[in-house]
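**Q** Just need the structure, nothing else, for what follows:
(chains A and B)
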2 protein chains.
Amino acid sequence: MYKIIIDAMGGDNAPKAIIDGTVAALHEYEDIFVYLVGKEEVIREHLAGQNYDKERVEIVDAREEIEMAEPPVAAVRTKKDSSMVVGMRMATEGKGDIFITAGSTGAAVAGGTLVIRRAPGVLRPALAPILPSAGGGVLLIDCGANVDCKPAYLQQFAVMGSIYMRLIMGIENPRVGLINNGAEEEKGNALTKEAYQLLKQADINFVGNAEGRDILSGDFDVVVADGFTGNVLMKFMEGCASFLFAEIKEAMMSTTRTKIGALLAKPAFTDLKKKLDYTEYGGSLLLGTKAGLIKSHGSSNAKAIVSAIRQGREFAQMGVVAKIQEELAKLNEKTVQAE
Amino acid sequence: MYKIIIDAMGGDNAPKAIIDGTVAALHEYEDIFVYLVGKEEVIREHLAGQNYDKERVEIVDAREEIEMAEPPVAAVRTKKDSSMVVGMRMATEGKGDIFITAGSTGAAVAGGTLVIRRAPGVLRPALAPILPSAGGGVLLIDCGANVDCKPAYLQQFAVMGSIYMRLIMGIENPRVGLINNGAEEEKGNALTKEAYQLLKQADINFVGNAEGRDILSGDFDVVVADGFTGNVLMKFMEGCASFLFAEIKEAMMSTTRTKIGALLAKPAFTDLKKKLDYTEYGGSLLLGTKAGLIKSHGSSNAKAIVSAIRQGREFAQMGVVAKIQEELAKLNEKTVQAE
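**A** Numbers count the residues shown, from 1 in each chain, chains lettered A, B, ... in the order given. Model (predicted):
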């Protein structure tokens, strides 16, 4: 049984979407056991009348909630009885293999470090979403957990990202790129120039710098950045897509001919939006903590929660946490010997 | 007469596109005088048989060329007789109001600093392209001239960008945003947290942080970033657009219905691509040097060169160089008083 701890109260559509998604996932996977953390009476009310295997669900009462706008660190420190903190504490105590939340990203990251805590040998846990790309998806690590980074953090991000793409996405030898302002080795700011050398030394398939225009080209399975750059890029992708779709819509409404074209082509756009939809790609991982943590999108619907649970189950099944510790121990060993 | 110095040998389509564009611009504007810098016999050959006002053109012989792949600083230092360095030296000596090149961006930026040099009071010149946005265009400054920045550089970038958008784009009170990983004032890395406070103090219309998803929203006329982040973002926009157009194409080819739709909607896409086309937006400015410098896209066609010349003419007409010095002197004065 894979034990999955779920924040029933986090996200724009909680608790309904979270509980509906959990029920659907229980049908899909017979080898999962879920803890639903949140206000017991609210969870019971949403579960009432639904058909699911009651032997594989346990409700854990938590009376507080962390709001999206709250300062993350303070919220995690003071709201000890929130669904997020209670769930994370359970993960820390080994009661479950993974914790899933659609709540505040800031609180998830802060809690990952303060409550679940770093795994031994990890300098900094990192947040990693999979972006759609011409190659079917590229892991961007870090995308916001660490806004100020040292070169050694980026080296570890590269190793953790590689492990994830190998174990969960089944990519044999993930191609790792360093996000940089030029393709050549000598390009970069103070951080990336040094990180480049460290990435060359790590036991990964480092294929060089990834310029902005190449990130989605399909040439990379993992792209590494400091959390500031990663965060700005991830959100910029959303901004570019919104802008382009709005421009396309406007251009198509300009003549009768193109309007008819738009009407006929509409199913293609619907399919495409579905393909690019975050619900298909699951949540962002927080890699490098003592227990797994998945941060599902704030506006997750039931389908997105099923995806996150699927991802969490695989995360547990493949032993990602242990594998990261093992590989980083090797890397640290190598670094010590080199010094 | 506005005196415009043009690198006739720079860019993928040089010298033909450069010279054809120059001839077209001479017809469009009767108040410009152009220096075409490069191999004299090659320029003469391309001008032969063309109809233009010979009184307003002077050919300046330069025997060397800087290649796209050359290390920029070394190229600028050693190739003293290249079209780029000769043209820049003329700008420095006050022989022209602005220098335009479609050659290597790295060499243009290096030459801007080493040959044209910083204007008094400027900490670092910055490269600034106008990106298409929902608001009709947003100036991104810096996009690669300074990969490692101090907060005070970003403050100056904000002031220089504001001046440009006001004088050249006619925006009365340009809204300036700081590219950051969150909307709230306290968000940011070490650099942006400090820069936020400096932007508040500057005599500009600073409207707060610009998250990645808001850069193209139309809420900002100028967005400020260190050159590393700006460079990665600018190229990522290109990458996102390529990726999305390829995905749309694929989605539209999936059924007969959507194929017909695509055929009918094609003019809309052609119009849109034209609208998003860099040739319509002119070149990137290098702001903060003693003479103006426009870096036109490497694959500039004649039309893009006409745009760059138009932009250069306005740059000279509005006295952007003098205005930047004046406003930065005020800012420096204020900073000294505050200290």
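
**Q** what's near enough to touch the residue nearest to A:V320 when sequence neighbours are not counted?
**A** Among residues not flanking A:V320 along the chain, A:L167 sits closest, at 5.7 Å (CB to CB, 6 or more residues apart in numbering or on different chains). For the C-beta atoms, the positions are set from N, CA and C on the backbone; glycine is no exception. Going by CB atoms under 8 Å, 6 or more residues apart in numbering or on different chains, A:L167 touches A:E314, A:M318, A:G319, A:V320, A:K323.

**Q** how near is A:L167 to A:F315?
**A** For A:L167, the distance to A:F315 (CB to CB, to the nearest Å) stands at 8 Å.

**Q** same deal with A:D203?
**A** Taking CB to CB, one finds A:D203 at 22 Å from A:F315.

**Q** Settle it for me: which of these two has more neighbours?
**A** Neighbour count, other CB atoms under 10 Å in any protein chain shown: between A:D203 and A:F315, A:F315 has more, with 26 against 11.

**Q** helix/strand/coil for that one?
**A** The three-state label given to A:F315 by DSSP: H, G, I helix; E, B strand; the rest coil is helix.

**Q** Please name the residues that touch it.
**A** A:D97, A:I98, A:I168, A:L285, A:G292, A:I294, A:V321.

**Q** Most neighbours among the residues you listed, which one is it?
**A** A:L285 (28 neighbours).

**Q** the strands in chain A, which residues?
**A** Counting by DSSP state E, chain A has strands at residues A:2-7, A:32-38, A:57-61, A:98-101, A:126-128, A:130-131, A:138-141, A:175-179, A:205-210, A:222-224, A:284-287, A:292-295.

**Q** Deepest in the core, which of those is it.
**A** strand A:222-224 (a mean of 32; mean count of other CB atoms under 10 Å in any protein chain shown).

**Q** Just checking: what are the partner strands of it?
**A** strand A:138-141 (parallel), strand A:175-179 (parallel) (DSSP bridges).

**Q** Pull out the CA atoms of the last one and give them to me as PDB.
**A** Translated: strand A:175-179. Extracted C-alpha coordinates of strand A:175-179, given in PDB (Å, rounded to 0.1, in the frame of the first residue of the first chain):
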ATOM      1  CA  ARG A 175      19.500  15.500 -21.000                       C
ATOM      2  CA  VAL A 176      20.300  18.300 -18.600                       C
ATOM      3  CA  GLY A 177      20.700  21.900 -19.700                       C
ATOM      4  CA  LEU A 178      21.800  24.900 -17.700                       C
ATOM      5  CA  ILE A 179      19.600  28.000 -18.400                       C
END
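
**Q** Show residues contacting that strand.
**A** Taking CB under 8 Å, 6+ apart as the rule, strand A:175-179 contacts A:154, A:158, A:161-162, A:192, A:195-196, A:199, A:204-210, A:212, A:214-215, A:219-225, A:229-230, A:233, B:232.

**Q** residues contacting A:A107?
**A** A:I66, A:E70, A:P72, A:A75, A:V76, A:M84.

**Q** who in the stretch 1-150 of chain A is up against chain B?
**A** A:P132, A:S133, A:A134, A:G144, A:V147, A:D148 (CB under 8 Å from any CB of the partner chain).

**Q** Just the buried subset of these, please.
**A** Among these, those classed as buried by 16 or more other CB atoms under 10 Å in any protein chain shown are A:P132, A:S133, A:A134, A:G144, A:V147.

**Q** So the last one sits against B:N181, correct?
**A** If I follow you right, that is A:V147. Yes - with contact defined as CB atoms under 8 Å, A:V147 counts as touching B:N181 (5.9 Å).

**Q** which residues are in contact with both of those two?
**A** Contacts common to A:V147 and B:N181, judged by CB under 8 Å, 6+ apart, are A:G227, A:F228, A:N231, B:G188, B:N189.

**Q** What confidence value was assigned to the residue found closest to A:L198 once you drop the neighbours it is linked to in the chain?
**A** Distances taken as CB to CB, 6+ apart place A:Q155 nearest to A:L198, at 4.0 Å, with adjacent residues excluded. A:Q155 carries a pLDDT score of 97 in this model.

**Q** Ok, A:K193 next?
**A** 97.

**Q** ok, now the one 3 residues further on?
**A** What the model reports as pLDDT for A:Y196 is 98.

**Q** Next up, the contacts around it.
**A** A:L178, A:N180, A:E185, A:G188, A:N209.

**Q** In this structure the last one contacts A:G188, no?
**A** Yes - counting by CB under 8 Å, a contact exists between A:N209 and A:G188, whose distance comes to 7.5 Å.

**Q** Output the below-cut-off pLDDT ranges for the stretch 1-150 of chain A.
**A** Nowhere does the stretch 1-150 of chain A drop to pLDDT under 70.

**Q** Provide a list of residues in contact with the residue nearest to the spatial centre of chain A.
**A** For chain A, the residue nearest the mean C-alpha position is A:S284 (0.7 Å; CA atoms, centre = their mean). For A:S284, the contact set (CB under 8 Å, 6+ apart) comprises A:T105, A:L127, A:A128, A:P129, A:C143, A:I294, A:K295.
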